[in-house]
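1. give me the fold of what follows.
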Amino acid sequence: MLINVRKLVSILLLIILPLLLVMVSPETAIALIQQQEEAPGQILYKSRHSLRDHQGNSWQVILFKRVKNGEVKDVSLRLVGFPGSVTFNHPEPLQIVFSNGRILEAVDEFGEKAPGPNVGQYDLTDILPKISQADQIELNLSIAQTKSAIAVPSPVVLEWKAIDSPG
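-> Purely as a prediction, here's the structure:
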């Protein structure tokens, strides 16, 4: 009897577990917020996600906040496209578009000195506090090839707000 129960549980797990994995999409999975000590008294908080733009291109979207001696030094958003397929129009700003039509612009931190043409980094220090947990936002990228936009899933916005919160 005990062996039959174990077999039944094993079979159910083999059926249910793959179904659960299929049902959870990458956009809904919340990544772990990474915390790293860069120097004594200086902490870097980081959130990294792989998101797709409306054309289906994959992007690394990395939000990070640097805190030194308890004071926020900067909050930045780095966007990395596939090398050779995208070129950012530096020093154009990043447009953050809200579902209600409001637009905020983030300053290009790299200007003409980007580490690569497929990398953009933008200052969100004053912008992130203006985004609420309930906001639906889209990132309008200024790239040479075409218009490109990345819809930021709600769980990612929640994670960014967790990084933005004090402490």
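2. which helix or strand contains the residue nearest the centre of the chain?
-> Geometric centre of the chain, nearest residue: Val61, 4.0 Å, by CA atoms, centre = their mean. Assessed by DSSP states H and E, Val61 sits inside strand 58-68.
3. with adjacent residues omitted, what lies nearest to Ala144?
-> Spatial nearest neighbour of Ala144, chain neighbours left out: Thr87 (4.2 Å); criterion: CB to CB, 6 or more residues apart in numbering. Every C-beta, even on glycine, is put in place using the N, C-alpha and C of the backbone.
4. which residues in this protein form strands?
-> Using DSSP state E, the strands of the chain run over 34-39, 42-52, 58-68, 71-80, 94-98, 103-106, 119-123, 137-141, 148-152.
5. alpha carbons only: can I get the last one in PDB?
-> So the one you mean is strand 148-152. C-alpha atoms of strand 148-152 as PDB (Å, rounded to 0.1, in the frame of the first residue of the first chain):
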ATOM      1  CA  SER A 148      11.600  50.300 -30.200                       C
ATOM      2  CA  ALA A 149       9.600  50.000 -26.900                       C
ATOM      3  CA  ILE A 150       9.800  47.600 -24.000                       C
ATOM      4  CA  ALA A 151       6.700  47.100 -21.800                       C
ATOM      5  CA  VAL A 152       7.800  46.700 -18.200                       C
END
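6. now for the protein, the helix or strand with the poorest mean pLDDT.
-> Here the helix or strand of the chain ranked lowest by mean pLDDT, DSSP states H and E is helix 2-23, holding a mean of 42.
7. list the contacts for Gln121?
-> Contacts were defined as CB atoms under 8 Å, 6 or more residues apart in numbering; by that measure Gln121 touches Ser76, Leu77, Arg78, Leu79, Asp108, Glu109, Phe110, Ala114.
8. next: Thr125.
-> Each residue near Thr125 by CB under 8 Å, 6+ apart is listed here: Val72, Asp74, Val75, Ser76.
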